[in-house]
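> take this sequence and fold it.
(chains A and B, ligands or ions: 1)
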Amino acid sequence: MDENDARDVAQAQAGDEASFRRLVDRHSRGVFQLAFRLTGSEPDADDVVQEAFLKAYRELKRFESRSSFRTWVHRITVNCAYDLLRQRPRHRGESLDVDPSGGQGGGIEPEAEATAWPDRLAFGAEIQSRVRAALDLLTPTERTAFVLRHFEGRSLGEIGKALGLRTGATKHSIFRAVQKMRRALAPIVGQSAENTGRGLRQLQM
Amino acid sequence: MNHPTEEELVLYHYGDAGDGTGTAAIDEHLRACQACQAGLDEVRRTLAAVDQLPVPDRGDHYGAEVWARIQPGFARHSPTWRERLFPTLTPQRLAWIGAAAALFFAAFVAGSRVPWQRFGVAPAPPVAQTPAAASQPTAADRERVQANVLLMAVGDHLERSQVTLSELVNTPGGPEVDISDEQQRARDLVSENRLYRQTALRTGEPAVASVLDDLERVLVEVANGPSTMNEAEFDQVRKRIDQQGIIFKVRVFGERVREAESRPIVRAGIRG
Ligand SMILES: [Zn+2]
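Predicted coordinates:
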């Protein structure tokens, strides 16, 4: 474990709030990043960050320095976010399956194609809004498993432990996540588009 | 080998295609099969698109913001706080809670609006509303005060329940785990909870009743279970509580009650 973390954890365990504050300072941005990827929502991610650190504070006595503080607080974050995802109604992005070309949130006018290549920024925004909608199609388990494997590089064993799944079910959750996103994003990435223009025409069909 | 399945290709991408032979066989197949190679490419383009999703950067001051929001919660573990929130459940106190619930019920029967709607817990009730009290501002004011008393009581109840369950699941493990303290509190909370739940049911508030019902089931389980257990047994209890997401549910619900409590309209009722 990082030396500073180790020292601050030890002092915080002895009751020193200032040491815990330093841990918050050092790790909150990373925890937010993870929480945002898991929840896809800034306010939800903020809530998860708070809850995770509060929980970390309360459970600090149980923390043993076998793992790093970062790993430990990330694990707590995953639990908090997973709980939140399961409580949250799933409502966004449902139309993607039905209408892959539906213009939700992309903001690219049909006539733009005829006149000029749209700028890359607009295309980027379109991709982002579709990725967001695609992620919203995932179940809490699929989303969490995918984020842990793809962004956090966790092993199947670690993910299974965090979600209470056997290895086979963990593998399947990751696969289902990728499969759903692949279908939802097919209009953009389905063909080997050498340039953004061809990809864009796919979008507007 | 046959064409790998879509699942095998995805797992292959992450290096999870199984033992070495699985990976090697797919390697070899991909070199020979354009279709599968194209499939894998598409998976990778999909994931590359996912990587484009930006994550907002909270900036250098984020740690300070988080700290400011969580630090007040730390004090909750001081004994004074515990004394404040966990007075012994005397018969007087129980009677008072009962009275608050009764007032609340009476206000509803009198034909005024139930306060739950103000914080969006329940959908708007069906047409059978009698707007009798609407023309009498004093009655409406009184009702607001009564409603506020109940909201405060329910808010306290939810907070105590949340804290009790949080402390329970955070009890340090060991060969023998003692939860007798939390258990005693759970017993007290069960009686309170029953009153509120019944009031919610009588006043036709299924959403409120349902949260309280979930809470009650967990509280009863804790209250009636053993007060000491081994680590594995305790782990089971903790898992059951975690799985039901009850702590989170109670927290969110309690926050909404608190919000409703602090709205000016309710305060105006107290002053009037
Ligand atoms: Zn093939």
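
> C-alpha only now, for contacts and for neighbours.
Noted.

> near residue B:2, how many other residues are there?
By other C-alpha atoms under 10 Å in any protein chain shown, 7 other residues sit near residue B:2.

> for residue A:75, which non-adjacent residue is closest in space?
Distance criterion C-alpha to C-alpha, 6 or more residues apart in numbering or on different chains; nearest residue to residue A:75, sequence neighbours excluded, is residue A:162 at 7.4 Å.

> quick one: the one you found from residue A:144, how far?
From residue A:162 across to residue A:144, the span is 9 Å (C-alpha to C-alpha, to the nearest Å).

> which of those two has more residues huddled nearby?
Using other C-alpha under 10 Å, the more surrounded residue of residue A:162 and residue A:144 is residue A:144, with 26 against 17.

> now do the contacts for that one.
A:38, A:78, A:82 (C-alpha atoms under 8 Å, 6 or more residues apart in numbering or on different chains).

> for chain A, where's the lowest mean pLDDT among helices and strands?
Among the helices and strands of chain A, helix A:110-115 carries the lowest confidence by mean pLDDT, DSSP states H and E, at a mean of 34.

> quick one on the thing from earlier: common neighbours of residue A:162 and residue A:144, please.
Listed contacts common to residue A:162 and residue A:144 are residue A:78; contacts here mean C-alpha under 8 Å, 6+ apart.

> and the helices in the stretch 151-272 of chain B?
B:180-202, B:206-224, B:231-244, B:246-262, B:264-271 (DSSP state H, counting those that start in this stretch).

> burial count for residue B:189?
Using other C-alpha under 10 Å: residue B:189 sits among 23 other residues.

> and for residue A:189?
24.

> list the contacts of it.
Residue A:189 neighbours (C-alpha under 8 Å, 6+ apart): A:199, B:42, B:45, B:46, B:49.

> please apply the same query to residue A:83.
Contacts of residue A:83 (C-alpha under 8 Å, 6+ apart): B:245, B:248.

> which element is it on?
Per DSSP states H and E, residue A:83 falls inside helix A:69-87.

> pLDDT of that helix, averaged?
Averaged across helix A:69-87, the pLDDT comes to 92.

> chain center to that helix: distance?
Taking the mean C-alpha point of helix A:69-87 and that of its whole chain, the gap between them comes to 11 Å (C-alpha atoms, centre = their mean, to the nearest Å).

> relative to helix B:231-244, how tilted is that helix?
50 degrees (axes from the mean of the first three to the mean of the last three C-alpha atoms, to 10 degrees).

> what about chain A, any weak spots by pLDDT?
A:90-123, A:190-205 (pLDDT under 70).

> sorry, back to before: mind checking which of the contacts of residue A:189 land in helices?
Mapping those onto helices (DSSP state H) picks out A:199, B:42, B:45, B:46, B:49.

> stretch A:15-33 close to chain B?
Yes: using C-alpha under 8 Å from any C-alpha of the partner chain, stretch A:15-33 comes into contact with chain B via A:21, A:24, A:25, A:26, A:27, A:28, A:29, A:32, A:33.

> identify the farthest-apart pair in those residues.
Pairwise distances across these peak at 18.7 Å for A:21 and A:33 (criterion: C-alpha to C-alpha).

> and the residue of chain A closest to chain B?
Residue nearest to chain B within chain A (C-alpha to the nearest C-alpha): residue A:25, separated by 4.1 Å.

> look up which helix or strand that residue falls in, please.
helix A:17-39.

> all helices for chain A, in order.
Using DSSP H, helices in chain A cover A:3-13, A:17-39, A:42-59, A:69-87, A:110-115, A:120-136, A:140-150, A:156-163, A:167-189, A:196-204.

> which intervals of the stretch 1-150 of chain B have sub-threshold pLDDT?
Those would be B:19-20, B:75-150, if you go by pLDDT under 70 across the stretch 1-150 of chain B.

> residues from it in reach of the ion?
The stretch 1-150 of chain B comes close to the ion at residues B:3, B:33, B:36, as judged by C-alpha under 5 Å from the ion.

> mind doing that once more with 8 Å?
Residues of the stretch 1-150 of chain B that fall close to the ion, judged by C-alpha under 8 Å from the ion: B:2, B:3, B:4, B:29, B:30, B:32, B:33, B:34, B:35, B:36, B:37.

> give me the number of residues near the nearest residue to the fourth one once chain neighbours are set aside?
Same thing as residue B:29. Take residue B:29 and drop its neighbours on the chain: the residue closest to it by C-alpha to C-alpha, 6+ apart is residue B:1, 6.7 Å away. Residues lying near residue B:1 (other C-alpha under 10 Å) number 7.

> and if you look at the one 5 residues further on?
As a burial measure, the neighbour count of residue B:6 was computed by other C-alpha under 10 Å and equals 17.
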